[in-house]
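J.: Just need the structure, nothing else, for what follows:
(one chain, ligands or ions: 2)
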Amino acid sequence: MCPGDCANFANVHDTRCARLSGACLEGKHETMTRKLRIAITLAFGALVLFTAASAFAQGSHIGDLTGNAKKGKDYYRRYCIGCHGVNGDGQGENAPYLDPKPRDFTLGTFKCRSTPTGSIPLDVDLFQTIKRGIDTTAMPAWSPLTDQQRADFVAYIKTFSSRFKDEKPDAPIAISPETPNTADSVKRGEVLYQETLKCVQCHGATGAGDGPAASTLRDNKDYPIVPYNFAERTRFKCGNTNEDLYRIFMTGLDGTPMPSFADYLKPDQAWDLVHYLRTLQLNYKPKHGTSDEQAAKRKPALRPPYDLANSRD
Ligand code: HEC
Ligand code: HEC
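T.: Ligands and ions are numbered 1, 2, ... in the order given. A predicted model of the protein is given here:
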């Protein structure tokens, strides 16, 4: 006999019911076929709804906000078109004068993500980029906009690439709690940077972005690209906290030679690397050990002479 809670055949998620359903069907054939029909109709309805939802995949969802692609399009034409172009291909009228070039949205490849390398970003990743701007580039921090407008931009940007219709983003990189920032941790990080993982090849021994491979690097559009200069800069393109820094080398900056090291680092080692990288940032002053918002606003006290020539700030 069917247990009470299994009598309702629609309760298909209960594996016990699935196992018992044969017995149930025998005893209650009439009701079951009717309930089966209802279940099938419901499942079909859900499928139709799901298909309809993916046809409108150009929406965006960031917390409680739902972005509207049509509104995003109107705003895009006002604020973004001059750089990213009418077709979202990065060929706006200002593009020839910019270095680095505005993103080509048709490729669906983004630098600042919480998702692993190769994955499309989450909506919230794009949202945060639009809110933050991209330090050291022409991409502004759109501060006067509302969060709703930013969500609408995200919805519209997603329509330029079919990747957002065809693919699902992978689960974000997990970030474990920060380990103590000790001299030993810094030392272990140094070994990872200088020897094991060869960051030094591109970023250079002192982190000034002048490693032996630095001058040969190009991005996915074949434009020359320079490694990050830790010695000079306090901020990153993809966020400024220690967690952001952790995320950057675990996800990689897709579309650039900056790879993901997620396959080579255990969480403790990733924190060791964060601690070491902070020591390379001569002008970095931690605020409560995590955010450098304050430090970023302060005028750098120390500025090695070799950085002045390369400065794009
Ligand atoms: C003055 C030029 C300019 C304008 C205007 C501009 N951008 Fe950008 N944007 C850039 C540049 C340059 C980059 C690439 C920076 C890089 O690759 O480091 C970029 C990159 C991006 C990225 C990619 C971030 C990533 O993770 O790869 C997004 C998203 C973006 N812009 C959204 C917008 C939106 C939305 C607007 C309008 C509200 C806008 N941009 C307006 C110059 C601009
Ligand atoms: C093959 C060359 C290469 C190697 C190896 C490399 N990087 Fe990078 N890295 C780059 C380039 C190029 C950029 C600049 C990307 C950009 O500006 O869009 C960069 C940028 C960065 C940034 C700044 C990202 C931001 O948001 O501004 C960090 C942090 C970083 N690298 C850390 C590391 C660490 C740590 C290692 C070693 C574990 C490493 N990199 C190895 C080429 C490399």
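
J.: for the spatially most central residue of the chain, phi and psi?
T.: Centroid-nearest residue in the chain: Arg113, 1.1 Å away (criterion: CA atoms, centre = their mean). Phi and psi for Arg113, reported as degrees, to the nearest 10, are phi -140, psi 160.

J.: out of everything not next to it in sequence, what's closest to it?
T.: Excluding its sequence neighbours, the residue lying closest to Arg113 (CB to CB, 6 or more residues apart in numbering) is Pro121, at 4.1 Å. Backbone N, C-alpha and C define where each C-beta goes, glycine included.

J.: And Arg163, by the same measure?
T.: Gly108 is the one closest to Arg163 (CB to CB, 6+ apart), at 3.3 Å.

J.: Pull up the residues of the stretch 51-200 of the chain that are close to ligand 1.
T.: 79-80, 82-84, 94, 98, 100, 102-103, 110-112, 126, 129-130, 134, 137-139, 142, 153, 157 (CB under 6 Å from any ligand atom).

J.: try 8 Å this time
T.: 75-76, 79-84, 90, 92, 94, 98, 100-103, 105, 109-113, 121, 125-126, 129-130, 134, 136-140, 142, 145, 150, 153-154, 156-157 (CB under 8 Å from any ligand atom).

J.: that older thread, show the model's pLDDT score for the residue nearest to Arg163.
T.: Confidence at Gly108, expressed as pLDDT, is 98.

J.: ok, now Asn11?
T.: Confidence at Asn11, expressed as pLDDT, is 38.

J.: and what of the one 3 residues further on?
T.: At Asp14, the predicted lDDT confidence score is 40.

J.: Number the residues from 813 up from this point.
T.: That works, and once the first residue is 813, the last one we named lands at Asp826.

J.: which SS state does Gly894 fall under?
T.: Look at Gly894: counting by DSSP: H, G, I helix; E, B strand; the rest coil, its state is helix.

J.: these two touch, right, it and Gly904?
T.: Yes: applying CB atoms under 8 Å, one finds Gly894 in contact with Gly904, separated by 4.8 Å.

J.: Have a look at these two and say which one is more surrounded.
T.: Between Gly894 and Gly904, counted using other CB atoms under 10 Å, Gly904 has the larger neighbour count: 19 against 14.

J.: Now for the more buried one: which residues touch it?
T.: Counting by CB atoms under 8 Å, 6 or more residues apart in numbering, Gly904 makes contact with Cys892, Ile893, Gly894, Cys895, His896, Gly897, Val898, Pro914.

J.: Can you say which of those are buried?
T.: For the contacts of Gly904, a neighbour count by 16 or more other CB atoms under 10 Å gives the buried set as Cys892, Ile893, Cys895, His896, Gly897, Pro914.

J.: Let me know the helix or strand that the residue nearest to Arg925 is in.
T.: Under the criterion DSSP states H and E, no helix or strand holds Pro933.

J.: got a list of what it touches?
T.: Pro933 sits next to Phe922, Cys924, Arg925, Ser926, Thr927, Pro981 when contact means CB under 8 Å, 6+ apart.

J.: do the same with Gly945
T.: Met951, Pro952, Ala953, Trp954.

J.: what does the stretch 1013-1125 of the chain have sitting close to ligand 2?
T.: Going by CB under 8 Å from any ligand atom, the residues of the stretch 1013-1125 of the chain near ligand 2 are 1013-1015, 1021, 1023, 1025-1026, 1029, 1031, 1037-1040, 1042, 1045, 1047-1051, 1056-1057, 1060-1061, 1065, 1067-1071, 1073, 1076-1077, 1085, 1089.

J.: So among the residues you listed, which ones count as buried?
T.: Neighbour counting by 16+ other CB under 10 Å classes 1014-1015, 1021, 1023, 1026, 1029, 1031, 1037, 1039-1040, 1042, 1045, 1047-1051, 1056-1057, 1060-1061, 1065, 1067-1071, 1073, 1077, 1085, 1089 among those as buried.

J.: Helices - which of those residues land there?
T.: Applying DSSP state H to these, the entries found in helices are Cys1014, His1015, Asp1056, Leu1057, Ile1060, Phe1061, Leu1085, Leu1089.
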